[in-house]
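# sequence below, structure please.
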Amino acid sequence: MTYIYVATRIITYFGTELRVLWEQLVCRFFKIPQEDPRTFKATEMCGHVEHELLKSLKESFFMCFLPFFMNFILGVCILLTGSYRVFYIGDISLSSIVFLIAGISLLSNCAPSFEDALSFKDYLYSKETSLFVKIILTPHFAVSYACAYLERYSLTFILAILFAWVFPTLFSFTFPLLNQILN
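Numbers count the residues shown, from 1 in each chain. Have a look, this model is predicted:
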């Protein structure tokens, strides 16, 4: 299973590199020592920065949130062009395909590593964390944990492709004004 995981990280090179950049920024901001900052390794940590254990809820939250948020927002913005042009309009040009591949690459690399998601869980549900913080951060934890679990089996790559296929229809249904402007 590790070979399939590493292969999908290589296929989605752009998103993998960008996620590692976000994780390195979090490590540098919080002064978390990095054990192995290489992007591509033949292990389950391929596409993630190997770092020391996280020491607080703040560190674990940002290690899960920042790469997820940045890759998701950038991926959706890029898919707004690529996926819409390819699947909805039918424009199969080089620029449309590049935007589609870049968007899929970013969306398939949103998830934190499984170890970071477990660290987030430990700090979030500890006795020291207030009930208010638990209520506010639980939805993000659920999404992070589910994505990290799915990424272990390379299912985020398949989900990103499905999302790219469905996204233009959902977007056009949600924003019919854009559809009328383009027609």
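# how about the helices in this protein?
Along the chain, counting by DSSP state H, helices occupy 2-11, 13-29, 57-83, 94-107, 114-124, 131-152, 155-174, 176-182.
# quick one: closest of those helices to residue 37.
helix 13-29 (6.1 Å; CB to CB). Any C-beta I mention is one placed from the backbone N, CA and C, and that applies to glycine too.
# so who does the residue nearest in space to the middle of the chain touch?
When the chain is reduced to its mean C-alpha position, the closest residue under CA atoms, centre = their mean turns out to be residue 110, at 0.5 Å. For residue 110, the contacting residues are 19, 67-68, 71-72, 75, 147, 156, by CB atoms under 8 Å, 6 or more residues apart in numbering.
# also residue 25?
Residue 25 is in contact with residue 66, counting by CB under 8 Å, 6+ apart.
# and the contacts of residue 110, which is closest to residue 32?
Ranked by distance to residue 32 (CB to CB), the contacts of residue 110 are led by residue 67 at 13.7 Å.
# give me the distance between the closest one and residue 116.
Separation of residue 67 from residue 116 (CB to CB, to the nearest Å): 9 Å.
# pull stretch 94-113 out as CSV, backbone CA atoms only.
Extracted as CSV, the C-alpha positions of stretch 94-113 are listed here (Å, rounded to 0.1, in the frame of the first residue of the first chain):
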residue,chain,number,x,y,z
LEU,A,94,-3.7,22.9,-22.7
SER,A,95,-4.4,25.7,-20.2
SER,A,96,-7.6,24.0,-19.0
ILE,A,97,-5.9,20.7,-18.5
VAL,A,98,-3.0,22.3,-16.6
PHE,A,99,-5.4,24.1,-14.3
LEU,A,100,-7.4,20.9,-13.8
ILE,A,101,-4.3,18.8,-12.9
ALA,A,102,-3.0,21.6,-10.6
GLY,A,103,-6.4,21.8,-8.8
ILE,A,104,-6.6,18.0,-8.4
SER,A,105,-3.1,18.0,-7.1
LEU,A,106,-3.7,20.6,-4.5
LEU,A,107,-7.0,19.0,-3.3
SER,A,108,-5.5,15.6,-3.0
ASN,A,109,-2.8,16.9,-0.7
CYS,A,110,-4.9,18.8,1.8
ALA,A,111,-4.8,16.2,4.6
PRO,A,112,-2.4,16.3,7.5
SER,A,113,-0.3,13.3,8.4
